[in-house]
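Chemist: Give the three-dimensional model of this entry:
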Amino acid sequence: MHLTHVPLRVATGAFILNSGIGKLGADEGTAQFLHGAAASTYPGAFKDMKPTTFTKVLACSEIAVGAALLTPKVSATVAGGALTAFGAGLMGMYLKTPSMTLDDGIRPSQEGTAVAKDVWLVGAGLTLLTQGITGAAKSGVKSGRKAARKATKKAAKASPIGR
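Modeler: Now for the predicted structure:
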């Protein structure tokens, strides 16, 4: 994990982990509310699921994303991909629920402000994802250069011309 990722990963990871842990003990009313919001936005995926089952799956998903962000051994690419997917799901719900936006369909209504702020999760996820990908590419280039130099030196030593 790159040192510059620590504040981003700790802040988002702790928040999401705490949110997931909090949902593990959700009451029936909370489960119905959460399920209703998800089922109205993504009916194909959640309509037939029981509200309590949905809430447990959501809680476990949040715990997994939070834990991935907080675990140093999880690459920025993987943690960023998980965070981006999680945030994109929330943004989808925000954009597909008419009461969450003003008439322009973008700016948040009073009801949508709490979810609209989650756009930062997408930005944070994309930052980790792109930095992870570019970091891996740079590392690959460096190790490729090193291997090429080593192979060139070895070939020069083995060549009758290099002696």
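Chemist: Tell me the spacing between Thr55 and Lys73.
Modeler: As defined by C-beta to C-beta, to the nearest Å, Thr55 lies at a distance of 29 Å from Lys73. All C-beta spots, glycine's among them, are computed from the backbone N, C-alpha and C.
Chemist: Could you list the low-pLDDT ranges of the protein?
Modeler: Of all residues in the chain, those with pLDDT under 70 make up the ranges 1, 138-163.
Chemist: hmm, 90 instead?
Modeler: 1-5, 37, 40-41, 93, 97-99, 114-118, 134-163 (pLDDT under 90).
Chemist: and Thr55 and Lys73? which has more neighbours close in?
Modeler: Neighbour count, other C-beta atoms under 10 Å: between Thr55 and Lys73, Thr55 has more, with 24 against 7.
Chemist: List the residues that contact the nearest residue to that one once chain neighbours are set aside.
Modeler: Setting aside the residues directly before and after it, Thr55 is nearest to Ala31 in space (C-beta to C-beta, 6 or more residues apart in numbering), at 4.1 Å. When the contact criterion is C-beta atoms under 8 Å, 6 or more residues apart in numbering, the partners of Ala31 are 51-52, 54-55.
Chemist: If you count neighbours, what's buried in stretch 71-81?
Modeler: Of all the residues in stretch 71-81, those buried under the rule 16 or more other C-beta atoms under 10 Å are 74-81.
Chemist: can you check stretch 92-109 too?
Modeler: For stretch 92-109, the neighbour count (16+ other C-beta under 10 Å) marks 93-95, 97, 100-101, 108 as buried.
Chemist: for these, which one is nearest Ile21?
Modeler: For Ile21, the closest of these turns out to be Met93, at 21.1 Å, with distances computed as C-beta to C-beta.
Chemist: ok, Met49 touching Leu34?
Modeler: No: with contact defined as C-beta atoms under 8 Å, Met49 and Leu34 do not form a contacting pair (11.0 Å).
Chemist: These two: which is more packed in?
Modeler: With neighbours defined as other C-beta under 10 Å, Met49 and Leu34 compare such that Leu34 has more, 19 against 14.
Chemist: Point me to the helix or strand that includes the spatially most central residue of the chain.
Modeler: Nearest residue to the geometric centre of the chain (C-alpha atoms, centre = their mean): Leu83, 1.0 Å. According to DSSP states H and E, Leu83 maps onto helix 76-96.
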